Each structure stands twice: as C-alpha cells, then as structure tokens.
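Asker: Structural data only, the sequence is not supplied:
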C-alpha cells in the first residue's frame, strides 16, 4: 500500500512540474523548435506521439492499437495538441476540440456545446479543457475523482492531466504564484 501511495505522490509531483513547464510561453526555453522547423509543439501518450506543425496540421506516429494515430482527415487550424494514453486531442483556432482514439470511458466524447477553449490536457482515460473564462470542463473516467472539479472553481490559467488525476493552476495576479488545485478523490 505504501508503494502505491508513493507512486501516486511521484505522479502528482511530476504532473505539477509539467504544469509549470507548460505555462512557459512558446518560444521560451529548451523545448522550442529550431528556427525554421515545421513543428511547433509535441505531445506523448503511452505508446504514441503527436506533433503540431506550423501550418496547423497534426502528425502522429507510434503504436496504433486503438486508433490514436488516425488523425481525422482535413484536420487543420490546430493550435494545440494533447496525447492521452490511447487517445488524442486537438484544439482548433476557433476554440473547438477534436478527439480520436480509444473511448472506453468517454474520453474522446467531447461534450456537446463546448466552445471558447484555450487549452487542453489528456490523461489515462480522461480529458480536460480550459475555457477562456477560466473555467475547467472535464470528461471521461472518474475512477479516482479526476473529474471532480470543485464547485465555483474559476480563474484557472493552466491545466494538466496525470494518469489518474487532473491539475488546475489558479491565479488572481499574473505576477504572483498561483494556487494549484489537484482533482483527485
């Protein structure tokens, strides 16, 4: 039991570090693409990877056991990507989300009417969206409470997903560190 709890703690710490790294604007830090590179963002799932090209299209490679590499035809205008364990998400410039791949828990069923999205994240079998108004929408599996968004949670500026948990960074002042809200049971 102690081993299981320490694995969850390590997972939470790593997710928090990824959340902080993801808050760095594109073009800053070691993860930026080389000058002239056609790729602007990458994301990795359990056995597959995604790359966002500067022209707004997505390239996928790796293990395709559940269709996670089957990028929808004519998908363009993409501004961000997220790879879950066996599913993939793309955020389009109009604030809508396209999802494909494994859907055992509804993680690829984007909620109807979801719009105004500015960021996405994908976990083991759940997905998150951050709306422009600072609210968070989650869908998919809730086996460990990863979909339990606290009532009244707003003012969120960044999100991240671990395998069985979700994170939201809340800040009221962009110059000060925010509060990290962990969504787990």
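Answerer: That came in fine, so what should we check first? As the structure is a computational prediction, the values presented were derived from the model and not from experiment.

Asker: So for stretch 146-164, mean pLDDT?
Answerer: Per-region confidence: stretch 146-164 scores 90 on mean pLDDT.

Asker: first vs last residue of it, how far apart are they?
Answerer: 6 Å (Cα to Cα, to the nearest Å).

Asker: Pull up the per-residue confidence for the most centrally placed residue in the chain.
Answerer: Centroid-nearest residue in the chain: residue 121, 1.0 Å away (criterion: Cα atoms, centre = their mean). Per-residue pLDDT puts residue 121 at 97.

Asker: before we move on, what about residue 112?
Answerer: pLDDT, residue 112: 96.

Asker: So that it lines up with my notes, have the first residue be 735 from now on.
Answerer: Got it, the first residue is 735 from now on, which makes the last one we talked about residue 846.

Asker: Residue 888 and residue 867 touch, don't they?
Answerer: Yes - Residue 888 is within contact range of residue 867, at 7.1 Å (criterion: Cβ atoms under 8 Å). To be clear about C-beta, it is placed using only N, CA and C from the backbone, and glycine gets the same treatment.

Asker: low-scoring stretches of the protein, by residue?
Answerer: Where the chain drops to pLDDT under 70, the residues are 735-769, 906-919.

Asker: looking at this, the residue nearest to the centre of the chain is in a strand?
Answerer: Yes - counting by DSSP: H, G, I helix; E, B strand; the rest coil, residue 855 is found in a strand.

Asker: separation between it and residue 817?
Answerer: Plainly put, residue 855 is 10 Å away from residue 817 if you go by Cβ to Cβ, to the nearest Å.

Asker: what sits against residue 795?
Answerer: 782, 783, 803 (Cβ atoms under 8 Å, 6 or more residues apart in numbering).

Asker: in the helix or strand hosting it, what's buried?
Answerer: For residue 795, the host element (DSSP states H and E) is strand 792-796. Counting neighbours by 16 or more other Cβ atoms under 10 Å, one finds that the buried residues in strand 792-796 are 792, 794.

Asker: what's around residue 840, how many residues?
Answerer: Residue 840 has 15 neighbouring residues, counting by other Cβ atoms under 10 Å.

Asker: How about it, nearest residue that isn't a chain neighbour?
Answerer: Nearest residue to residue 840, sequence neighbours excluded (Cβ to Cβ, 6 or more residues apart in numbering): residue 874, at 5.2 Å.

Asker: What is the neighbour count of residue 859?
Answerer: Using other Cβ under 10 Å, residue 859 is surrounded by 23 other residues.

Asker: isn't it right up against residue 843?
Answerer: No - using Cβ under 8 Å, residue 859 is not in contact with residue 843, being 11.5 Å away.

Asker: any residues in contact with both of those two?
Answerer: Common neighbours of residue 859 and residue 843, using Cβ under 8 Å, 6+ apart, are residue 874.
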